[in-house]
Structures are given as C-alpha cells and as structure tokens.
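> Test case, fold it:
(one chain, ligands or ions: 1)
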Amino acid sequence: VDLQINLDRDQDLSGQIYRKIRRAVLDGRLRPGEAVPATRELARRIGVARGTVGVAYERLTGEGFLESRIGAGTFVSQRRREARDPGSSPDGALRPHPRWPPPRTWATFSGDHPEFDFRAGVPDLRSFPFRSWQRIVTRQLSRSAMCNGEYGDVIGLPALRAAIHRHISISRAVDTHPDRIIVTSGATQALDLIARVLLVAGERVAVEEPGYPPSHELLQSMGAHVVPVPVDAQGIVTDAIPDDVRLVHVSPTHQYPLGVTMSASRRRDLLAWADRHDAAIVEDDYDSEFRFDGRPLEALQSLDSSGRVLYVGTFSKSLMPALRLGFLVAPPSLQPALAKAKFVSDWHSNLAAQAALAEFINEGTFARHVRRMRNRYQARHERINEILDQTADPWLRPLPAQAGLHITALLPAGTPPDTLPLARKAWAANVAVQPLSQTYAGTPTRAGFILGYGGIVRSRIADGISRLRDSLG
Ligand SMILES: Cc1ncc(COP(=O)(O)O)c(C=O)c1O
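Modelled structure (predicted):
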C-alpha cells in the first residue's frame, strides 16, 4: 500500500507514525488483511531510523491493529474488522481493547415460551415461593435492616455469611469460617474477582472441554489464554493439563455440561497436579444442591490441604438467577486481595437482597425449597432417562449423571458434532434444546444436546422428547 506519512520532525516520531497508521486502520483506508510496508522500507521512505518505525509497529501490534506473520510480513489485523469501520458504525470513535472482540453471539431459542422448554441452566421458577420471599424482602427493606442505607460490609452481610457457612459446612463439608466467605454477584463475579487477583494477561488457564462458555469468555476478557482440556468418565484429564497453566477451572460435583462427577482418585490427582505446578483450582459448585443418589459429596475444597482451591457457589440454580447472589470461599492467603477486588468492583452486593436471603435461609424456607425441588428435578431426570432408554432404536443416549438441572444426551456416532442446525430444527418445532457443540471452547467432538428440565414439568417430558425426535426428521 502507498502509505503517506508526513511527519513533524520536532515531535515524537514513533508516536506520529503510530497515530497515523492507527487512524488509517480506523477509517478503513487500511483494510483488514492488507500488508503494511516492512519497517526497513517505511523507515527509508519517510526518512527515519528503522527502530523508530519498529516501536510504532510494536505498539500497533500490541493493541491489535497490526499482526505479524512469521516469514510473510506485517498486516492489518483481521480481528478488529467488526469494531473498526466507522462508516458502518456511527456509534463513536472509541474502540474496545482487542481483548474484547465482537461478542460471540450464541444462537438460542428466540421465542418467549417454547412449548417444550428444555433450556439448560434455568431452575423451575414457577415453583419458587415468591410469597414468602416477598414478605421477607419487604421486611428487609426497612431502614434498620438496610444499615440505615449506608455502605455495608465489603465481603457481605455478616448474617448472610454465617448462614452460608452453616449451609456449606453441613451439606458440602467445605472447610471455612464466615469471615473467609465473600458474598458476590453470582458465581460469575466470584470468577471475575479470582481472575483479577491471580492472573496476569497472557497467562494460561485450563478449562474443561466441553465447559461453560461464559467462564471462558470472562477469563479471555482478562487477557488469559484459555486452554481447553478434555473430560473423561472421571472428570478433567489431569495428564492433559499443560505444565505452564496457572489456574484450572473445574465443576467436580456435576461437570458442566457432561454431568460427570469427578472421581476420588482424579480429585487427588488434580490437587497433586496443582501442588506440583504451583497452580490454583477454581471449584465451580453451581448446582450441587440437587444430588439424587443420596450421598452428599464432599467438595474438592474439603480435600485441599495446601490452600489451592477457591470454592465458588451460587443461588442462581437453588433459588433464581435474577437474585444475582453467590459466594466465594478462598484460602486465607488470598482473602485480603479478594476482598479488595470486591471493593474496587462494586463495594458490596445489594444489602436488601443479602438480608432477605439470610432470613430466607435462617427461617428454613431455603432448605425446604431445595428439598422440594430436589424431588421434582429427580423425577424429571428419571423420566428423561426412562424415555430415552426405552426406545428400541436409541437415537439419543443420555450420559450418566446423578445431579443438577440438565441431562446431556448424545446423538448416534457419525452425526456431525455441530448440532446447531439440528437444534434450529427443534426450535422451529417449538422445542427449546441447547446444542452441545456450543459449549466447546475449541472444535466440538461429540454430537449431542443439553436437555434442561427446570422449565418443563414431568408430565410434558414424553411429548417434548417425541416432538424433538420428529423435528429432527
Ligand atoms: C456451570 C455454571 N457456572 C456458573 C454459572 C453462573 O452462575 P451465576 O448466575 O451465579 O453467575 C452457571 C449458570 O448457568 C453455570 O451453569
């Protein structure tokens, strides 16, 4: 390209080159994929030292405007394409840092009320005791309950931390103290705080493959390099975790989405791996309240003797996602930094909601609700298995699981792993299912669907599955 760069010789030369090329990329005079002159050539053309151009190129590369390909040269980055063209986006001159690529849009069922709702991750909100909740919230909105409207405790209302402490030490054997619990805005914010405190941009983190894409995206937005690691029948394959990984994100109780419970030996392996590699483990315990085999399973955190596990819980599945309340239990060595991270993020979570939840747990309504929902979810879980196991020609094979709000089921071998086209057919027939392929950080390898049962009552499951089958033709 014929790049015209006129320089003011009295000013910072590298800075001017940087700004001119950046401007040319932003207004589309330089297009994605287009080659820019080599540093030596541009330096000669505009009469500056090669290093001066080099400094500008390095900055442009660091900010994602340019990319260099070994042996081929330097090019305008392809990745900025969507964010770049001001002609097509009359929404201002500023552009996000390249760590924020155009959002990956997930195709989902777009209607409001699918006739058969197998959406994943949504609890049964029709069964939520809204009347009790409303009574408690009204009481907790009073001036005294809200600490006179002033700022409250950064790590969470003491009454709520005490209630969470009782809950997780009994049901999950989590070894902690109320002062080591940080109340967060869902599991999502817990991971956000962890990443802020533990990671530096460019470091590698391991995630389960398939896994929970919003967590991958969060980690990427912090500049982490996400490495997908396969999951087998025992959980994440520890041997496949690269040596230089700083943090491993896992869901040991009920792997999302495959449903595997991490075996005792794999838990030991993972803890030993983290010890050997000086790494942290994030235990995402998103739906552990709903275990159906009666054996309460101890959290991975309870086996950790070297302070490497950060335990993350949420009320999004046990109560409702709209609450935006979750919590984080960290080793003492990280507690002060995490508390500070919470403070700089949003000072603390909403006090009225925290106070209401504390009372909801303390008066026993939470435990009653969880017990009731566990029975219902178990009945739905068994019904899906029963129907899929019954058919003479198995077209959808449920993966074994003993917990949670969804079952993942696989299509016959030979089905292309990208099941989005099949899911679209189901959506068109008013059956909302999630393609398994959307939960892969890398290339999908297994064809299947995630069948959530929070949104569908037991008596509708058989019809829903037969409609699903018919829709796939
Ligand atoms: C595996 C997993 N982790 C975390 C979350 C996020 O939870 P929260 O709503 O508490 O941010 C979800 C919610 O769908 C989930 O499925």
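> How about the residues of the stretch 251-400 of the chain by the ligand?
Counting by Cβ under 6 Å from any ligand atom, the residues of the stretch 251-400 of the chain close to the ligand are Ser251, Tyr256, Asp284, Tyr286, Thr314, Ser316, Pro321, Gly326. To be clear about C-beta, it is placed using only N, CA and C from the backbone, and glycine gets the same treatment.
> which of these count as buried?
Ser251, Tyr256, Asp284, Tyr286, Thr314, Ser316, Gly326 (16 or more other Cβ atoms under 10 Å).
> could these be laid out in a markdown table, adding pLDDT and distance to Leu420?
Listed next are these as a markdown table, based on pLDDT from 0 to 100; distance: Cβ to Cβ, whole Å:
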| residue | pLDDT | distance to Leu420 |
| --- | --- | --- |
| Ser251 | 98 | 23 |
| Tyr256 | 98 | 19 |
| Asp284 | 98 | 25 |
| Tyr286 | 95 | 24 |
| Thr314 | 98 | 27 |
| Ser316 | 97 | 25 |
| Gly326 | 98 | 29 |
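> Select, from those residues, the two members most distant in space.
Tyr256 and Gly326 (14.8 Å; Cβ to Cβ).
> Now tabulate the buried ones among the residues of the stretch 251-400 of the chain next to the ligand in JSON lines and tack on secondary structure.
Formatted as JSON lines, these follow (DSSP: H, G, I helix; E, B strand; the rest coil):
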{"residue": "Ser251", "secondary structure": "coil"}
{"residue": "Tyr256", "secondary structure": "coil"}
{"residue": "Asp284", "secondary structure": "strand"}
{"residue": "Tyr286", "secondary structure": "coil"}
{"residue": "Thr314", "secondary structure": "strand"}
{"residue": "Ser316", "secondary structure": "coil"}
{"residue": "Gly326", "secondary structure": "strand"}
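> What is the nearest of those to Phe130?
Ser316 (16.3 Å).
> doesn't Ser185 make contact with the closest one?
No. Here Ser316 does not reach Ser185: they are 10.4 Å apart, not a contact under Cβ atoms under 8 Å.
> so what's in contact with the two at the same time?
Arg324, Gly326 (Cβ atoms under 8 Å, 6 or more residues apart in numbering).
> from the residues of the stretch 251-400 of the chain next to the ligand, which two are the most distant?
Most distant of those, by Cβ to Cβ, are Ser251 and Pro321, 16.6 Å apart.
> what residues does the stretch 1-150 of the chain put near the ligand?
Contact residues (Cβ under 6 Å from any ligand atom) of the stretch 1-150 of the chain with the ligand: Gly121.
> Look up the pLDDT of the residue in the chain positioned nearest to the ligand for me, please.
Residue of the chain nearest the ligand, by Cβ to the nearest ligand atom: Gly186 (2.8 Å). At Gly186, the model reports a pLDDT of 98.
> In space, what's closest to it - neighbours in sequence excluded?
Once flanking residues are discounted, Gly186 sits nearest to Gly326: 4.3 Å by Cβ to Cβ, 6 or more residues apart in numbering.
> Now the phi/psi pair for Leu199, please.
Main-chain dihedrals, Leu199, degrees, to the nearest 10: phi -110, psi 150.
> typed the wrong thing, it's Val227
Dihedral angles (degrees, to the nearest 10) for Val227: phi -110, psi 110.
> Touching, it and Gly211? I think so.
No. Under the criterion of Cβ under 8 Å, Val227 makes no contact with Gly211, lying 11.2 Å away.
> ok so, going back, between the buried ones among the residues of the stretch 251-400 of the chain next to the ligand, which is closest to Pro417?
Distances from Pro417 to these, taken by Cβ to Cβ, are shortest for Tyr256, at 18.0 Å.
> out of everything not next to it in sequence, what's closest to the closest one?
For Tyr256, the closest residue by Cβ to Cβ, 6+ apart turns out to be Tyr212, at 4.9 Å.
> Now the phi/psi pair for the residue nearest to Ala38 when sequence neighbours are not counted, please.
With Cβ to Cβ, 6+ apart as the criterion, Ala38 has its nearest non-adjacent residue at 6.2 Å, and that residue is Gly73. The phi and psi torsions at Gly73 (degrees, to the nearest 10) take the values phi 120, psi -160.
> Let me see the confidence value for Gly73.
So Gly73 comes in at 89 (pLDDT).
> Check the one 3 residues further on too.
In the prediction, the pLDDT value recorded for Val76 is 93.
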